[in-house]
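# Mind looking at a prediction? Sequence and model below.
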Amino acid sequence: MTSGNAPTFASIMFLTGVGIPILAALNGGLGGRLGSPMAASVILFGLALLVALTGAVATGALGDIRFSADIPFHFYFGGLFVAFYVISVTFIAPRFGVGNAIFFVLVGQLTSAAIIDHFGLFGAQRFPVDTARLAGIALMVAGVWLARRTG
């Protein structure tokens, strides 16, 4: 990453983070109105597929969509994780609270991201976890926990 792109990248990822609880609330509400979290998830993925296909056509990347023996099989598992996330948050957020659901999502993300970065898993850049980074992660978890406390 070049330092010139950092503000743009940070802004886009911030907006992505803003969208995650909105997705949970909207899809949870849709699932409740449909009477089926699974039906709401199918609608979400159908719309997401249309958006992704439109982007692939617009950028000329449609021909790059393929399964290939040259690509390690585990790289295709991202879809399983996003499906698990969407289905679970659609079912759980209306029952547990959007904030509570996202709190645990954030703790899981912080933990997983630190492990991936530390070991450079899946071809990611390696950023070893040191004491300062552990303290920062702990402060983030504590901050999110404090923000989610009720009563």
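Everything's here; your move.

# Would you state the strands of the chain in chain order?
Taking DSSP state E to define them, one finds no strands in the chain.

# quick one, longest helix in it?
Using DSSP state H, we find that the single longest helix of the chain is helix 6-34.

# Which neighbouring elements make contact with that one?
Applying 3 or more Cβ pairs under 8 Å, 6 or more residues apart in numbering; DSSP states H and E, we find helix 6-34 packed against helix 37-59, helix 78-96, helix 98-119. For every residue, glycine as well, the C-beta is placed using N, CA and C.

# could those go into JSON lines alongside distance to G143?
Shown next, in JSON lines, are the helices and strands packed on helix 6-34 (distance: least, Cβ to Cβ, whole Å):
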{"stretch": "helix 37-59", "distance to G143": "29"}
{"stretch": "helix 78-96", "distance to G143": "20"}
{"stretch": "helix 98-119", "distance to G143": "10"}
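
# Rebuild these as a markdown table, extending it with mean pLDDT, mean neighbour count and distance to F14.
A markdown table is the format used below for the helices and strands packed on helix 6-34 (pLDDT from 0 to 100; neighbours: other Cβ atoms under 10 Å; distance: least, Cβ to Cβ, whole Å):
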| stretch | mean pLDDT | mean neighbour count | distance to F14 |
| --- | --- | --- | --- |
| helix 37-59 | 97 | 13 | 20 |
| helix 78-96 | 94 | 16 | 19 |
| helix 98-119 | 90 | 16 | 14 |
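
# about what we covered before: go through the longest helix of the chain and flag the buried ones.
Judged by neighbour count using 16 or more other Cβ atoms under 10 Å, the buried positions of helix 6-34 are I20, P21, L23, A24, A25, L26, N27, G28, L30, G31.

# Which of the helices and strands packed on helix 6-34 sits closest to A69?
Nearest of the helices and strands packed on helix 6-34 to A69, taken as Cβ to Cβ: helix 78-96 at 18.3 Å.

# Identify the residues contacting G28.
P37, A40, V89, T90, F91, A93, P94, V98 (Cβ atoms under 8 Å, 6 or more residues apart in numbering).

# Including distance to A142, could these go into CSV?
Below are those laid out as CSV (distance: Cβ to Cβ, whole Å):
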residue, distance to A142
P37, 31
A40, 33
V89, 23
T90, 28
F91, 28
A93, 23
P94, 27
V98, 20
